[in-house]
Each structure stands twice: as structure tokens, then as C-alpha cells.
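Novice: Structure for the following, please:
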Amino acid sequence: MRNRALLGLGLTLNIFSLPSQAANDLNECIGIAADPVRLACYDKLAKAALPEKAVVILDSSPSAPAMLPVVVPITPPPSPVSALSERWELEPQSQAGVFQIRAHNPTYIMPLFVTSNVNRMPTSPATGRSATQDGKQKASELKFQISFKTKLMENLFDGRSDLWFGYTQQSYLQMYNAETSRDFRETNYEPELILTTKTDYNLLGWRGRFVNLGWLHQSNGRDEPLSRSWNRVYAQAGLERGDWALLVKPWWRVPEGGNDDNPDIKKYMGQGDVTVMWKRDGHVVSVLGRKSFSNDGKGAIQADWAFPLVRHLKGYMQVFSGYGESLIDYNFKQTTFGIGVALTDGL
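Specialist: Residues are numbered from 1 along each chain as shown. Down below sits the predicted model:
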């Protein structure tokens, strides 16, 4: 018999029959850059679109010739949520749930990182915390940073707050220095706890989006005389205006008593920092400044530029001038330049 029965069980999505609201929601998902947030958006749409009954189709006609699919490239629309909302999950469309790995500070590797001034004998006013021999470091090295965060609890305090854990590790490898066996010159470890509270106010044309309250520990994990560490409690306000974002972050150093590796660190690292960022078409430019307001206080300024290369990979350039480029250099002034690639940027 030429007639045969075909039994099909499935779901048919006809783009022309989609309600306008569903189509808009789909466009919103496409525009979101962060993978966990975008997937969470698709999951919500899929659950809402599931039919109550399966459709069974009986077809006795001869099979139609196969149609070759036509692939039409689609340019993703702009993200429906702002950069700060996507980074901190401030709106329902940007919620990805707890225990999802998210970008925090930039994650990058710079094979070329050079300094104008090599700190071969780090010092500190604390007893037994000053180097007694030349470290023989070279001015050129490799620098990389790994940074992520994950949400531990969400919708706290009447649904307005989330609790995050963040971790950042920054390392300097003397890759071009055979004399020191190409060792790690310095590694800084930085875990933190962050309570993020959503806000919505207007300040001189800037929209206030969140306030962070955090505790942050930073140390280099080394023995004396090169041990350096400190703890901070901070507040951070996040504001945005079009393609611009502004982060204002004052902090208070937690006293450490008589076992302080670096008692004068506030003089050089200051009492807070301010970061201005701009993002458009895959480019992210940020400028960070910090200043100590004590007598003879020091400071620093850092500029970063992330720019598109290939999918999920960006070029990365960084310029720094001042004190505290790394923790071992907290009281050492230098100017540095680095270039490499980044997996995540600052926004």
C-alpha cells in the first residue's frame, strides 16, 4: 500500500501566530549578553509556552520532499536591561537565580605587562616586614586576573536585596626572567561578601540603581617579611545614565592591632575609590581613581579598555599610575602598561 500512517508528536511554533507580547519577550532574551541571565529568560518563556495538550497528527499522504532550511543571520537587538542591571540582577528579566557563576571584576590575561619602576626590595614600617635582599625582578612580566561572584541568597528584606559572594585573584608572573626561575612575583587573594539592595532615584540626571554593603579581605598569602593584608568594610553606590555608569565606593579599614603587616596602608590606598565606565557596541572603557585624604595622602588612577575581538573574547589594555598597583607595592609609586585579552570586562 502506498498510503502509510505517520504518527507525529511535538510542538509547532509559528512565528506569525505569536502574540506580540511573546515576541517582545523573545527579543528581550536575545538581547541579554550574560549567559546565565539569558538562559534563565529562555527558561521562563519556555515554561509559559508549554501547551496543556499534546497534538497527534495522522497523515496518510505521501511524504513531501524535504525542504532545505534557509539560515538568515539575525543581529541581536540591544539588551533590554541596563549594564548595571545585568551585572547585579536588578530587574525581573535579569534574574538568574542563586549559585550561578557571574562576572564580577574583569577576568583577563596580559602577556605583556611592563612597569616604569621595579620594586626589588619592598618595605613596610611594621617590624620585620621589609625585604633584606634584592628580589631581582624584571620590569616586564605577565599579569592575569580571575574574578567571579555567585548569589547566595535572593529576595531578602521584602524582595529588594540579594547576598553575593565574590572572589578576585590577581597574579604577576616573571615569565621573562630566567634568573628567578620565572616565578610568581606576587599574588593577591580577595574574597568578599556583598549585600546588594535595589534602589531607584534620580540624582542630577543619574539614575541610582543599587547600594552595596560589603566586607572584603585582601592578602598576598606570603610569610614575613613580604606578608601584606588588610580587611575593609565598604559601601558602594551604583548609578547610570545612558551608556555611562558611575560607582562610588568609600571604605573603612578594620583595625588589626599589633600584628599589622602594613599599618600605613590607608595613606597610600586611600579611603575609597570612584569608577566611571562607558559601554557601547562591545567596547567598555573605565577610569578608576582613589585618593587618601589624610595629611600627605597618596593615590592612584587606572584606565582600562576592553574591545571586541571574537565571540566571548575581547582585547584588553590597562594603564596605571600611582601607589598600590599590587598589595606588595601598596607604598611604591610606579606607572604600568599592559595589553592582552579578556573573558569578562568591568561592565
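Novice: Wait, a strand at Glu256?
Specialist: No: the assignment for Glu256, made by DSSP: H, G, I helix; E, B strand; the rest coil, is coil rather than a strand.
Novice: quick one, what contacts it?
Specialist: Contacts for Glu256 (C-beta atoms under 8 Å, 6 or more residues apart in numbering) come out as Trp230, Asn231. (C-beta placed from N, C-alpha, C; glycine too.)
Novice: Tell me the bridge partners for Val285.
Specialist: Trp278, Trp305 (DSSP bridges).
Novice: Domain-wise, how is this structure divided?
Specialist: 6-59, 83-344 (automatic domain parsing).
Novice: Highest mean neighbour count across these, which stretch is it?
Specialist: domain 83-344 (a mean of 17; mean count of other C-beta atoms under 10 Å).
Novice: Next one: Phe293, what pLDDT does it get?
Specialist: On the pLDDT scale, Phe293 is placed at 87.
Novice: weakest of the domains of the chain in terms of mean pLDDT?
Specialist: Taking the mean pLDDT of those, domain 6-59 comes last: a mean of 54.
Novice: ok, Gly299 touching Arg290?
Specialist: Yes: Gly299 sits in contact with Arg290 when judged by C-beta atoms under 8 Å, with a separation of 5.4 Å.
Novice: Need the residues touching each of these two.
Specialist: Gly270, Gly322.
Novice: where along the protein do the helices fall?
Specialist: Counting by DSSP state H, the chain has helices at residues 20-31, 35-49, 83-88, 156-159, 265-269.
Novice: For Gly289, see how far away Leu193 is.
Specialist: Distance, Leu193 to Gly289, using C-beta to C-beta, to the nearest Å: 25 Å.
Novice: And for Leu226?
Specialist: Per C-beta to C-beta, Leu226 is found 27 Å from Gly289.
Novice: Equivalent analysis for Gly128, please.
Specialist: Distance of Gly128 to Gly289, given as C-beta to C-beta: 33 Å.
Novice: go on, Gly214?
Specialist: 19 Å.
Novice: try Gly205
Specialist: 21 Å.
Novice: Might you report the residue contacts of the residue nearest the centre of the chain?
Specialist: The centroid of the chain falls nearest to His104 when counting by C-alpha atoms, centre = their mean (2.7 Å). Contacts for His104 were tallied using C-beta under 8 Å, 6+ apart; they are Ser147, Phe148, Lys149, Gly166, Tyr167, Thr168.
Novice: Greatest separation within those: which pair is it?
Specialist: Comparing every pair within the contacts of His104 by C-beta to C-beta identifies Lys149 and Thr168 as the most remote, at 9.0 Å.
Novice: Output the longest strand belonging to this structure.
Specialist: strand 184-203 (DSSP state E).
Novice: elements contacting it?
Specialist: Where contact means 3 or more C-beta pairs under 8 Å, 6 or more residues apart in numbering; DSSP states H and E, strand 184-203 is packed against strand 161-173, strand 206-219.
Novice: Make JSON lines out of those strands and add distance to His283.
Specialist: Formatted as JSON lines, these follow (distance: least, C-beta to C-beta, whole Å):
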{"stretch": "strand 161-173", "distance to His283": "23"}
{"stretch": "strand 206-219", "distance to His283": "21"}
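Novice: Out of those strands, flag the one nearest Glu154.
Specialist: Between those, strand 161-173 lies closest to Glu154; by C-beta to C-beta that is 4.6 Å.
Novice: Taking strand 184-203 as reference, get the angle to the closest one.
Specialist: If you take axes from the mean of the first three to the mean of the last three C-alpha atoms, to 10 degrees, strand 161-173 sits at 150 degrees to strand 184-203.
Novice: ok, Leu226 - contacts?
Specialist: Applying C-beta under 8 Å, 6+ apart, the residues contacting Leu226 are Pro122, Arg129, Ala131, Asn220, Ile328.
Novice: Next: Glu192.
Specialist: So Glu192 contacts Phe165, Gly166, Tyr167, Thr168, Gly214, Trp215, Leu216, His217 (C-beta under 8 Å, 6+ apart).
Novice: Farthest pair within those residues?
Specialist: Counting by C-beta to C-beta, the most remote pair of these is Thr168 and Trp215, 14.0 Å apart.
Novice: ok, now how distant is the nearest residue to Phe210 once chain neighbours are set aside from Gly324?
Specialist: Of all residues beyond its chain neighbours, the one nearest Phe210 is Gly238 (4.6 Å), with distances taken as C-beta to C-beta, 6 or more residues apart in numbering. According to C-beta to C-beta, Gly238 stands 23 Å off from Gly324.
Novice: cool, Val233 as well?
Specialist: 18 Å.
Novice: do Arg87 as well
Specialist: Arg87 is 24 Å from Gly324, by C-beta to C-beta.
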